[in-house]
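> just coords:
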């Protein structure tokens, strides 16, 4: 079977590419390398078809030729940039998804990576399940939700079988410490360089941190089902708790500096994974402490 991974040179995408190859898939990667890195795919060079192009390209037919399943991970994921450049965010995440769907009508399946931390907005209850109202408070959340709606629309009108995966806060090896979305990667890299950890607000804001191998496993399980699924751990961890865990894992006492809180970010979030457990057979296996230890070891 031929699979396309958009954003396949990125953090999650490159791990997914490896997993697909291990399962015997022929893999096509589409990535414009705006945030992805070609070196993330160094271990699979010669085993993939790589196309350095944007999901906004007018003609992707040569990329989509023979593709049976699309894993759409390419996106603008920086919440701060979405606040500063909402039109650009909308163009990449909504129009880019629409463009890909329009040109991939012949695909059998379409797996869309969405954001459970952004599409729900400030939770009315925790853990958040898939029936929770979607009330984004950032342009990023709004654009990812728009992408979801287009996927559902194309499923209804053209019979494309789809799964929408609302990822929690994914972390793991290869996550770009220069990015805004990966606080664990940022903290560990700053710690490695002997720099203080920057905490916005009180540090009592919480997230649901899920390790990349668990996310990849869930994404592959979604090939067998249709619908909308939260992918996380169901566990709330505050930034302050995260600092404590990092300190214990690394055997260091990092300096912490507090900065003013940022707009567009929810205060608390964690995702119910009951539906994914029941319908996909998914359960996160890597505990946060072990996952952080793996990332820390990978930094040398």
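Great, that's in hand. Quick caveat: nothing in here was measured; it's all calculated off a predicted structure.
> Downstream of the helix or strand harbouring residue 80, the next helix or strand is which one?
Assigned by DSSP states H and E, residue 80 belongs to helix 79-84. Next helix or strand after helix 79-84 toward the C-terminus (DSSP H and E): helix 86-90.
> Run through who's touching the helix or strand following that following helix.
Counting by DSSP H and E, the next helix or strand C-terminal to helix 86-90 is helix 96-103. Residues from elsewhere that reach helix 96-103 (CB atoms under 8 Å, 6 or more residues apart in numbering): 6, 54-61, 64, 70, 72, 74-75, 110, 112, 146-147, 150-151, 154, 160. Heads up, the C-betas are built off the backbone N, CA and C, glycines and all.
> What angle do helix 96-103 and the next helix or strand after helix 96-103 make with each other?
Proceeding N to C from helix 96-103, the next assigned helix or strand is strand 109-115, under DSSP H and E. If you take axes from the mean of the first three to the mean of the last three CA atoms, to 10 degrees, strand 109-115 sits at 180 degrees to helix 96-103.
> Strand 109-115 - contacts with which helices or strands?
Applying 3 or more CB pairs under 8 Å, 6 or more residues apart in numbering; DSSP states H and E, one finds that strand 109-115 makes contact with strand 69-72, helix 139-158, strand 161-167.
> Single out the most deeply packed of these.
When you average the neighbours per residue for each of the helices and strands packed on strand 109-115 (mean count of other CB atoms under 10 Å), strand 69-72 leads with a mean of 24.
> Which strands border it, and is each parallel or antiparallel?
strand 2-6 (parallel), strand 109-115 (parallel) (DSSP bridges).
> now these in JSON lines, with distance to residue 214, mean pLDDT and mean neighbour count?
Shown next, in JSON lines, are the strands paired with strand 69-72 (distance: least, CB to CB, whole Å; pLDDT from 0 to 100; neighbours: other CB atoms under 10 Å):
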{"stretch": "strand 2-6", "distance to residue 214": "18", "mean pLDDT": "98", "mean neighbour count": "25"}
{"stretch": "strand 109-115", "distance to residue 214": "14", "mean pLDDT": "98", "mean neighbour count": "24"}
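> Between the ones you listed, which one is closest to residue 33.
strand 2-6 (12.3 Å; CB to CB).
> Now do the same contact list for the closest residue to residue 250 other than its chain neighbours.
The shortest distance from residue 250 to any non-neighbouring residue, by CB to CB, 6 or more residues apart in numbering, is to residue 296 (5.7 Å). Contacts for residue 296 (CB under 8 Å, 6+ apart) come out as 188, 249-250.
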